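Visitor: With the sequence up front, the predicted model follows.
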Amino acid sequence: MSSENRNRSAYIMGLILIGIGLLFLLNSLGIATFRIWYLLSRFWPVILILIGLNIILKKTKLWWIVPILIFVIFIGAIVLPEPVIRRFDSSSFTFYLNDQEHSGVYSEDREFDNELKKLNVKLKYGANRLKVGSVINKDNLYNVDIDYRGEVPTVFYDRNNNNADLRVEQAKKINVGTGSEEWEVNLTNKIPIDINVSAGAGDLILDLKELKVENLNIDAGLGQISIIYPDYDNRTEISAGASNIKLVIPEETAFRIETRAVLNNMNFEEAGLIKVQDDIYQSKNYGEVENQIKIKLSTSVGNIKVEHN
């Protein structure tokens with residue numbers, strides 16, 4: 001590859017990452033509306049298309065098309081007018097525009113059942129800000145607090161012998177332009193838990209340090225993912241499109257991380273991890289302590305940060 005082509009490729013990839021970073025910043029500052037996150041939840045694969053076009057066009061005279069597309073898409077996501085948004089209405093989703101009547105708060109909690117041995121949790125949403133932690137009232141199995149936009153999300157609980165299922169799913173009717181939905185799901189630390197998250201776009205903050213989470217599966221599009229792990233055996237699988245990912249692991253816990261990525265910035269060596277195979281890293285105490293965390297991470301574009309302290 002010539003020096004000119006390399007410079008073009010680096011320039012365009014830099015623009016893509018800057019665009020993603022600006023969206024994260026707008027969201028953190030409360031400027032990015034729910035509309036932006038919802039559109040990204042449906043159309044984040046456009047980022048992969050731009051990367052593909054960059055690879056194809058970088059050696060041609062048409063290389064400038066990708067930067068222009070990046071600019072147009074970014075501006076369009078911010079200023080897209082209401083009539084255009086309504087074109088995306090479908091049988092699956094209905095949009096309300098800045099309609100305060102279609103917003104509200106929903107709360108639910110359930111008392112812990114001493115006969116339960118396992119809790120399975122499934123959380124599904126298109127665009128959202130989700131926090132998962134431990135219950136304050138230790139007599140509760142869970143408590144759910146939702147500041148929703150549109151119809152009330154579905155909260156479903158079912159018990160089968162000694163196992164229980166908790167499912168929270170975003171409604172099909174979405175109110176855009178009034179900020180993002182905010183979910184807080186707090187769980188018991190008395191029994192083992194499996195957590196499955198299916199997300200389009202938004203922030204996912206999992207504070208698991210007091211929970212017994214055995215299996216964690218995350219399928220996400222675009223957003224920020226932060227996970228604080230407990231000193232407990234765990235298997236995690238993360239599949240994400242374009243994300244900033246932060247993993248905080250107790251110093252006394254061993255862990256291994258296997259990554260598959262198109263374009264990522266990782267701090268594994270700076271965090272003191274040992275490379276054992278291509279794309280496989282592990283902590284220095286792996287195999288020496290009782291509790292182990294095994295992480296499989298597949299992303300397209302993102303920044304991955306590990307803290308082992």
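Guide: Happy to help now that I have it. Numbering: from 1, shown residues only.
Visitor: quick one: the strands in the stretch 151-300 of the chain?
Guide: 154-160, 163-169, 173-176, 182-187, 193-207, 213-228, 234-249, 254-266, 274-277, 280-282, 292-308 (DSSP state E, counting those that start in this stretch).
Visitor: Would you reformat the ones you listed as a markdown table and include mean neighbour count?
Guide: Heads up, the C-betas are built off the backbone N, CA and C, glycines and all. What follows is the strands of the stretch 151-300 of the chain, written out as a markdown table (neighbours: other CB atoms under 10 Å):
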| stretch | mean neighbour count |
| --- | --- |
| strand 154-160 | 12 |
| strand 163-169 | 18 |
| strand 173-176 | 22 |
| strand 182-187 | 20 |
| strand 193-207 | 22 |
| strand 213-228 | 21 |
| strand 234-249 | 21 |
| strand 254-266 | 17 |
| strand 274-277 | 11 |
| strand 280-282 | 19 |
| strand 292-308 | 20 |
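Visitor: Ok, which of the ones you listed comes nearest Lys118?
Guide: The closest of those to Lys118 is strand 163-169. By CB to CB, the value is 4.7 Å.
Visitor: For stretch 289-305, C-alpha coordinates in CSV please.
Guide: Output of stretch 289-305 as CSV, limited to C-alpha atoms (Å, rounded to 0.1, in the frame of the first residue of the first chain):
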residue,chain,number,x,y,z
VAL,A,289,-6.6,-18.9,42.3
GLU,A,290,-10.1,-20.4,42.7
ASN,A,291,-12.4,-17.9,41.0
GLN,A,292,-12.0,-17.3,37.3
ILE,A,293,-13.7,-15.1,34.8
LYS,A,294,-13.7,-16.1,31.1
ILE,A,295,-14.6,-13.4,28.6
LYS,A,296,-15.3,-13.8,24.9
LEU,A,297,-15.5,-10.4,23.2
SER,A,298,-16.4,-9.8,19.6
THR,A,299,-16.6,-6.2,18.3
SER,A,300,-16.5,-4.3,15.1
VAL,A,301,-15.1,-0.9,16.2
GLY,A,302,-14.4,0.3,19.7
ASN,A,303,-12.2,1.0,22.6
ILE,A,304,-11.6,-1.8,25.2
LYS,A,305,-10.2,-1.0,28.6
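Visitor: low-scoring stretches of the stretch 1-150 of the chain, by residue?
Guide: Within the stretch 1-150 of the chain, the ranges that satisfy pLDDT under 70 run 1-17, 19-45, 47-48, 51-52, 54-55, 57-60, 62-64, 70, 73-102, 127.
Visitor: run the last query once more with 50
Guide: Scanning the stretch 1-150 of the chain for pLDDT under 50 picks out the ranges 82-84, 86-93, 95, 97-99.
Visitor: hang on, the earlier thing: among the strands of the stretch 151-300 of the chain, where is the model least confident on average?
Guide: Lowest mean pLDDT within those: strand 173-176, at a mean of 53.
Visitor: Just list the residues touching the nearest residue to Glu288 once chain neighbours are set aside, thanks.
Guide: Of all residues not flanking Glu288 in the chain, Ala254 sits nearest, at 6.7 Å (CB to CB, 6 or more residues apart in numbering). Going by CB atoms under 8 Å, 6 or more residues apart in numbering, Ala254 touches Gln282, Ser283, Asn285, Tyr286, Gly287, Glu288, Val289, Asn291, Gln292, Ile293.
Visitor: same question, Thr188
Guide: Phe112, Leu119, Ser134, Val135, Lys138, Asn140, Leu141, Tyr142, Leu211.
Visitor: do the same with Ala199
Guide: Residues in contact with Ala199 (CB under 8 Å, 6+ apart) are Ser41, Leu123, Lys124, Tyr125, Gly126, Asn128, Leu130, Ile218, Asp219, Ala220, Gly221, Gly223.
Visitor: Sweet, I'm off.
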